[in-house]
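> Need the 3D shape of this:
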Amino acid sequence: MSELRFNELRGEQVVYAIDRQDRTFLPAREHCPLDPTRLGEPPTEIPFAAFQIAVFDNRFPAFQAPGGAAEVVVYTDRHDGSFATLSPQRAQALMWVWRHRYQELGARPDVEYVMIFENRGVEVGVTLHHPHGQIYGYPFVPPVATLELAADERVGGCAPCALLARELGDAQRILIERDGVVAYVPHAARWAYEAHVVMREHRASLLDCEPDELRELSQVLQALVRGYDELFERPFPYVMVVHQASTCEPADSPARRGHVHVEFYPPLRTAEKLKFLAGSEQGAGTFISDTLPEESAVALREAIARAA
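Have a look, this model is predicted:
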C-alpha cells in the first residue's frame, strides 16, 4: 500500500510506494512483460496470443484501492513501434479506451482525479519500451489540476478556452488546426518543444466529446508525435498528459470545471541536449528556457509538414 505524507512547505502530497523500487527495468526484448503470451514461453502480463489494446492493473502501483488506482494501457501487441505508428483506427480506439477508463475509475469513491499519461524514452525514465501508457486514479486532486482551477479564477472563466483564443488570435505558435482540435506551442512554454493539443469547444472531459472530436483528437496527437520524431530524425522522448475535469463532482454537475487538453513535455532542446531541472527549476520553481516558443513553433510546424 502507498503512504501519503503532506509536505507543509510546498503544500502538496508526497506518495511513498516503496514496492515500485523493484519494478521491471528495461528487460531484454524476449522478456518483455507487455508482449502477448506465446505458446510454450513464460507467461507475460497479458494472457493472450494476440490483442488490440490491453488494460490491466499495474503490478507495481503508485496507488491502489482503497486509496486510488494505477493501470497500464498497452497500445498494441507489437513490441516495436510507438503511438505515432499506430494505425489511425487503433489510435482512435485508444481515445475511447481513455474515455472508458476515465468514466470507470472516476466513478470510484476513492478516486478524485484521473490522469492519463505516457512516458516515452529512457530520457524521461521509461522502464519498458513496448508502446504503452498509464492511468493514475489519484485519491486527491493533485497540484497541477488545482493550479488550473486557480487559473480559471484568475481569467474569470475557463483558462484553456481563453488561452486558445489568444493563441488563435496571435497565430505565431499554432501547429495544427482542425474543426474540433488545435495544437500549439504555448506562449509561456517551459520546455523547448512543449505543445498543447486543445479541444476547440469547451469540453470538461472526454465524456463530453463527440465521436468526431475524439477522431480528430487522435489524428492531431499522431500528427504531432510524428512531427516530433521528424524534428531531429530520431525517436523523440516526451511526457504526454491528458488534462481534464476532476471526478469529485458528478459528470452532470454544474460545478464541474475543466477543459480537455493534452500537454507534451519533451526534454530535448536539441538533438543531443536535454533540459535538466536544476537549481532554479527545483529550488525556486521557475523554469529558465534557452529557446523562444515562436522559434520552436516554426521548427516543429515544418517537421509536422515533412512527416505528413
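
> what's Y184 sitting at in phi/psi?
The phi and psi torsions at Y184 (degrees, to the nearest 10) take the values phi -150, psi 160.

> Am I right that V197 sits in a strand?
Yes. Remark: V197 belongs to a strand, assigned using DSSP: H, G, I helix; E, B strand; the rest coil.

> Could you list everything it pairs with in the sheet?
A183, V262 (DSSP bridges).

> ok, I46 to P33 distance?
I46 sits 8 Å away from P33, taking Cβ to Cβ, to the nearest Å as the criterion. In this view, the C-beta of every residue, glycine as well, is placed from N, C-alpha and C.

> Oh, that last question was meant for P267, not what I typed.
From P267 to P33 the distance is 25 Å (Cβ to Cβ).

> ditto for C161
41 Å.

> as a whole number, average confidence for the helix ranked longest in the chain?
Counting by DSSP state H, the longest helix found in the chain is helix 211-231. Helix 211-231 carries an average pLDDT of 98.

> cool, and stretch 57-68?
Here the average pLDDT along stretch 57-68 is 97.

> what about D290, how many neighbours?
9 (other Cβ atoms under 10 Å).

> Looking at P267 and P33, which is more packed in?
P267 (20 against 17).

> Isn't the more buried one up against W191?
Yes. Assessed by Cβ atoms under 8 Å, P267 is found in contact with W191 at 7.0 Å.

> okay, and the common contacts of the two?
K275 (Cβ atoms under 8 Å, 6 or more residues apart in numbering).

> quick one: the residue of the chain most remote from its centre and H31, what's the gap?
Most distant from the centre of the chain: G40, at 35.7 Å, with distances by Cα atoms, centre = their mean. Computed as Cβ to Cβ, the G40 to H31 distance reads 15 Å.

> got the residue ranges for the strands in the stretch 151-300 of the chain?
174-177, 181-184, 195-199, 238-243, 261-265 (DSSP state E, counting those that start in this stretch).

> Find the residue closest to E71 in space, skipping its chain neighbours.
I135 (4.4 Å; Cβ to Cβ, 6 or more residues apart in numbering).
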